[in-house]
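In: Sequence first, then the predicted structure, then my questions.
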Amino acid sequence: MAQDFSQPRLERRHIRVRGVVQGVGFRPFVYRLAQTLDLSGWVRNDGDGVELEGQGLPGNLSALIARIRSEAPSLARVDSIHTRLCDADPADQGFTIRTSESGAVSTTIGHDSAVCADCLAELFEPADRRWRYPFINCTHCGPRYTITCALPYDRSNTSMATFAQCPACQREYDAPEHRRFHAEPNACADCGPQLSLLEAAGVRVATRDPIADTLLRLLTGEIVAIKGLGGFHLVCDARNPEAVERLRARKGRGGKPFAVMVANL
C-alpha cells in the first residue's frame, strides 16, 4: 500500500521533568509552550515532579523539550528531563492541565519568594482590587514552602485550602493568559485571609488599619507577636533598649543577638 503523505506525521512523547518544578508556575509555563507550538496533550504534578505528554510535529516536540530547559520559570530548577515515545492519538485535541496525581513523594517544592514588581504595582494602586492586600501573590512570587502541607503542590494541599476563590480570583486562575493562571495561593480581600490585631488576652482590636496600629504600638515600646506564614515572630523596636530588654527577659535570651529587620541594605 502506498504511504499517505497528505497528513503530517504526528509524534507523541511522554516527558518527565524533575527538580524544583512545583509551586513555581511550571504547569502554566508548559501549557503556554504547548499552545505556542500547536501541541496537544496534558501536564500535571505528581509525587515525582511534573509529568506531561505532548503530541504534534516531531520538530515541535523537540522545541518543547529544548524550551523547557532554556525558558523555565525563574523560580524553577530543572534537574533532568526524560522522554520516551508513546502511541500517537490522532483524535487528541487541545492541551490541558490535569488534576495532580498523588503517590510516593520524591520532588522538591519551591521556596517562598519576595513580592514581584507586578504585584507591588497592584498593591500600591488605589484603583486595583488588591490595593494594600497583604497576602498578594502570583505564579512569580509569594508563599510556597511554608504553606505546603503535602505534595503534589495543589491548593487542596496547602493552608489556602479553606479559602475558596471568589469569582474574580477564579477567573484569573482559569485564564491561560493571566499571570495568576493556576497560582495555587491566589486570593484577594474578598475571599482570602484577613489581617487582624488582637490584645494579649485574645480580644480583637477595633481598628481600620491593623498594620498602622501595630506600628504605633511598636513605637511606644510594646512587644508584638506577628503570625506569619511559618509561625510567630516576637517583634519590638530595636532602637528601644527597654523593649529589647523586656523581650530578652521573656525569651530567656540574655546575650544571644536577635535578628534585626530593616527595610533595605
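Out: Alright, I've got the coordinates.
In: going forward, measure contacts and count neighbours with C-alpha atoms only.
Out: Will do.
In: in the protein, which ranges drop under the pLDDT threshold?
Out: Applying pLDDT under 70 to the chain flags the ranges 1-7, 103-106, 229-230.
In: Please go through it and pick out the longest helix.
Out: Ranked by residue count under DSSP state H, the longest helix found in the chain is helix 58-70.
In: what helices or strands is that one leaning on?
Out: strand 11-22, helix 26-36 (3 or more CA pairs under 8 Å, 6 or more residues apart in numbering; DSSP states H and E).
In: Tell me the spacing between the closest residue to Asn60 other than its chain neighbours and Ile147.
Out: Leaving aside its sequence neighbours, Asn60 sits nearest to Leu37 (CA to CA, 6 or more residues apart in numbering; 5.8 Å). Remark: distance between Leu37 and Ile147 (CA to CA, to the nearest Å) = 34 Å.
In: sorry, back to before: help me confirm that the residue nearest to Asn60 comes into contact with Ser62.
Out: No: using CA atoms under 8 Å, Leu37 is not in contact with Ser62, being 10.2 Å away.
In: ok, the two, which is more surrounded?
Out: Using other CA atoms under 10 Å, the more surrounded residue of Leu37 and Ser62 is Leu37, with 16 against 11.
In: Quick one: residues contacting the more buried one.
Out: Neighbour list for Leu37: 60-61, 63-64 [criterion: CA atoms under 8 Å, 6 or more residues apart in numbering].
In: Going through these, which ones are buried?
Out: 60-61, 64 (16 or more other CA atoms under 10 Å).
In: In TSV: those, plus distance to Leu247.
Out: Output for the buried ones among the contacts of Leu37, formatted as TSV (distance: CA to CA, whole Å):
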residue	distance to Leu247
Asn60	61
Leu61	59
Leu64	55
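In: which of those lies closest to His182?
Out: For the buried ones among the contacts of Leu37, the minimum distance to His182 (CA to CA) is 20.1 Å, reached by Leu64.
In: my guess is that closest one contacts Ala34, does it?
Out: Yes: the pair Leu64 / Ala34 is scored as a contact, 7.1 Å apart, by CA under 8 Å.
In: Mind checking what secondary structure Leu218 has?
Out: Three-state call for Leu218 (DSSP: H, G, I helix; E, B strand; the rest coil): helix.
In: quick revisit: what's the closest of the helices and strands packed on helix 58-70 to Ile109?
Out: Counting by CA to CA, Ile109 lies closest to strand 11-22 out of the helices and strands packed on helix 58-70; the figure is 5.4 Å.
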